[in-house]
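Visitor: Structure, please.
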Amino acid sequence: MKYSEDVAKKLNNLLEKNYDSEEGYKMAAENVKSPELKEFFTQRAKERYDFGHELKSEIKSFGQDPEKGTSLKADIHRGWMDLKASLSSDNEEAVLEEAVRGEKAAVDEYNEVLKSEEIPPSTGNVLMKQRNSITDALNKLKSLEQWKD
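Guide: Purely as a prediction, here's the structure:
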């Protein structure tokens, strides 16, 4: 596989995860009653939308085509979030737990790509900015989750 194809493949995987996160956050916003949580989840969905556009630009800069759509795994995860939220006596706590789990996975995926020696510094800077923002959201989610306990 050529260098540009390999880098684009890694970025496309992150792009797909951002599509997944955007959809997950939209769903989370629909499943909570708290105006503060709705706003937080809505803002995170918008942020992931923006991340997607940044990643698409990076992928195109390597002469490759960005992927479209969410992953089957994420579609199943969102279905699980729906079920768990509907069965839980505390919807917001269940949604927060799933969001924390998703953000931990996202941080791990970004860290894995950032370890790659193939990622050029300019792309690495974009990825670090996104990863740091996801880490901030994760920390906020954890504090919200503790507040709910």
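
Visitor: Could you measure from the spatially most central residue of the chain over to Arg101?
Guide: In the chain, the centroid-proximal residue (CA atoms, centre = their mean) is Ser21; its distance is 3.7 Å. According to CB to CB, to the nearest Å, Ser21 stands 12 Å off from Arg101. Where you see a C-beta, it was placed from the backbone N, CA and C, and this is true even at glycine.

Visitor: How about Glu54?
Guide: 24 Å.

Visitor: So for those two, which residue has more residues nearby?
Guide: Glu54 (17 against 13; other CB atoms under 10 Å).

Visitor: Now name the helix or strand holding that one.
Guide: helix 35-61 (DSSP states H and E).

Visitor: Point out where the chain drops to low pLDDT.
Guide: By pLDDT under 70, the low-scoring segments of the chain are 1, 69-90, 147-149.

Visitor: Show me the strands in this structure, by range?
Guide: All residues of the chain lie outside strands when identified by DSSP state E.

Visitor: burial of Phe51, as a residue count?
Guide: 25.

Visitor: pretty sure it is in contact with Gln130, am I right?
Guide: Yes. At 5.1 Å, Phe51 and Gln130 qualify as touching, with contact defined as CB atoms under 8 Å.

Visitor: Alright, calling it a day.
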